[in-house]
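# need a structure here:
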Amino acid sequence: MTLFDKPYSEWQKEDLEALVAEPQACETNQLEFKADCAILSDDRDAKEKARFDILKDIAAMANGAGGAILVGVRQSGDPTGPAFAARIEGIREPERLIKTTNDLVRKHLQVCPASLESWSIRYTNDTYVVVIDVPKNVHSLSMVTLNDRNQFWVRIGTSNRLMTTDEIQYKLLRLSAAQATAEEELDSIRNANLMSLSCAWVWFAGVPLDRSTDHIPVRVQDIKKLLRDSRYFAEVEAGNSFTPAQCADVLAPSLRGLNISRHYSTEQDRRFLEIRRDGTLIFANKIGPAGIEAMKQEVEGSVPSVSLPGIYATLMSGLYALADIQGHYHTGRAAIVQAGIKNGDKRSIKVSNGFLYDVRLPSNDNIQLKAMIVDEHWQPRDRFMEWARQLANAMELEDPIPQPPWVPDSTSKD
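Okay, the predicted model is just below:
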């Protein structure tokens, strides 16, 4: 494995030293070295120039192929060729630099790059190298808006330049086409994989906008561990909910990614889960009665009942699983997500939430919650609450469906 096969988040001091060892690492369209960053300087002119430069660098990299900016690495080389890492100098206030840069990006980059992250790597006792990890834009373009500027920059080779009007239009058309392709894939999943399900199902599907490369390795044990270790799933009491962690044992490898080895029809195994190598997640939970219980109700002619918390848990599990997959495998945060309820049963079903109310879901009814594009700032809890309100409207309830007690509050980290 080469140095740059290793994620920057796992770099340590020896990785920094490898940059300046023979052969020295060179700047590329996805890597830039900075000896320091004067946005913390007391010199007003130097500070203002540095503020613009760092915004320009981040925007250009995001509008190009993505990449990383390493602050604290002195560059050198022939002006006619790419610069190389000459020595590690480090900086002394990494956390202050990271906070100042993040504040600057939030205020003066219109459309912040998806999942922009920064962290420091200790080099000596009092010096650090700051890594600014810039993902490629897959939803829109980043525009610098500092000091009345409205500029689109792009990184070509190892330099940045202003984008022309034609380039901006072309890029936006390509991004729009990527969104349309993701929406088509979502339609295909919904119609081919989910709408044919019998009984009553609640389903979730998430499709990344950028699916040009495979990000997720086909390793069953890794996916099982990811689902079982999820922060959210651990908060839900088993028996009151359904989560992807509960069906991790039936995952099987496939060329496309991971899915369950077969469909189950027993009361104990009522689930469908697929994780594709491009980061697409398909998840459904059969909420209607099955097996002996279904046969018993058929004879008695009673109305089957499904649990509203079970519906909630499926929606939340899908959202949190997608977010965890994106974070673990460093896939792009931008995606299109959708969920819904499909009653393929011959009878209507009753949606029950304890003593609050009972709502009938007619036979062959199909509630499709709104498809939403989630960007770099999306939070699973917020998307869930939006769907909960839509679900209440679809069921013609006067009040929004109440939030279940096991949903983390807004201060929880996703």
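
# low-confidence ranges in the stretch 201-350 of the chain?
Applying pLDDT under 70 to the stretch 201-350 of the chain flags the ranges 236-241, 261-270, 288-304, 345-346.

# what about the residue nearest to N366 when sequence neighbours are not counted, neighbour count?
Leaving aside its sequence neighbours, N366 sits nearest to K342 (Cβ to Cβ, 6 or more residues apart in numbering; 5.4 Å). No exception for glycine: its C-beta is placed from N, CA and C like everyone else's. Per other Cβ atoms under 10 Å, the neighbour tally for K342 reads 26.

# cool, E93 as well?
For E93, using other Cβ under 10 Å, the count is 13.

# check contacts around the nearest residue to it once chain neighbours are set aside.
Take E93 and drop its neighbours on the chain: the residue closest to it by Cβ to Cβ, 6+ apart is L40, 6.3 Å away. Contacts for L40 were tallied using Cβ atoms under 8 Å, 6 or more residues apart in numbering; they are K47, E93, R96, L97, T100.

# got TSV for those residues, with pLDDT, secondary structure and distance to V71 too?
TSV is the format used below for these (pLDDT from 0 to 100; DSSP: H, G, I helix; E, B strand; the rest coil; distance: Cβ to Cβ, whole Å):
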residue	pLDDT	secondary structure	distance to V71
K47	93	helix	15
E93	92	coil	11
R96	94	helix	12
L97	95	helix	7
T100	95	helix	12
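
# Could you save these as TSV and add columns showing distance to L319?
Shown next, in TSV, are the contacts of L40 (distance: Cβ to Cβ, whole Å):
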residue	distance to L319
K47	41
E93	37
R96	34
L97	33
T100	32
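
# Can you flag the buried ones in those residues?
Buried members of these, scored by 16 or more other Cβ atoms under 10 Å, are L97, T100.

# So the residue nearest to N366 belongs to a strand, correct?
Yes: the assignment for K342 by DSSP: H, G, I helix; E, B strand; the rest coil puts it in a strand.

# now it: how far from N191?
Distance of K342 to N191, computed by Cβ to Cβ, to the nearest Å: 11 Å.

# what's across from L251 in the sheet?
I260 (DSSP bridges).

# measure it to G310 for me?
From L251 to G310 the distance is 21 Å (Cβ to Cβ).

# What of T181?
For T181, the distance to G310 - Cβ to Cβ - is 33 Å.

# Compare those two (neighbour count), which wins?
The residue with more neighbours, out of T181 and G310, is G310; 17 against 13, by other Cβ under 10 Å.

# what's the nearest residue to the more buried one if we skip its chain neighbours?
I287 (5.3 Å).

# correct me, but that neighbour touches R271?
No: the criterion here is Cβ atoms under 8 Å, and I287 misses it with R271 at 10.7 Å.

# Show me which of these two is the more surrounded one.
Taking neighbours as other Cβ under 10 Å, I287 and R271 compare with I287 leading, 27 against 20.

# residue contacts, that one?
Contacts of I287 (Cβ under 8 Å, 6+ apart): A200, W201, V202, V306, S307, G310, I311, T314, I341.

# which one of the residues you listed is nearest T280?
Distance to T280, by Cβ to Cβ, is smallest for T314 among these, at 17.1 Å.

# Quickly note the distance from the closest one to V306.
Distance from T314 to V306, by Cβ to Cβ: 11 Å.

# what do you get for G340?
Taking Cβ to Cβ, one finds G340 at 14 Å from V306.

# the more surrounded of those two?
The residue with more neighbours, out of G340 and V306, is G340; 24 against 21, by other Cβ under 10 Å.
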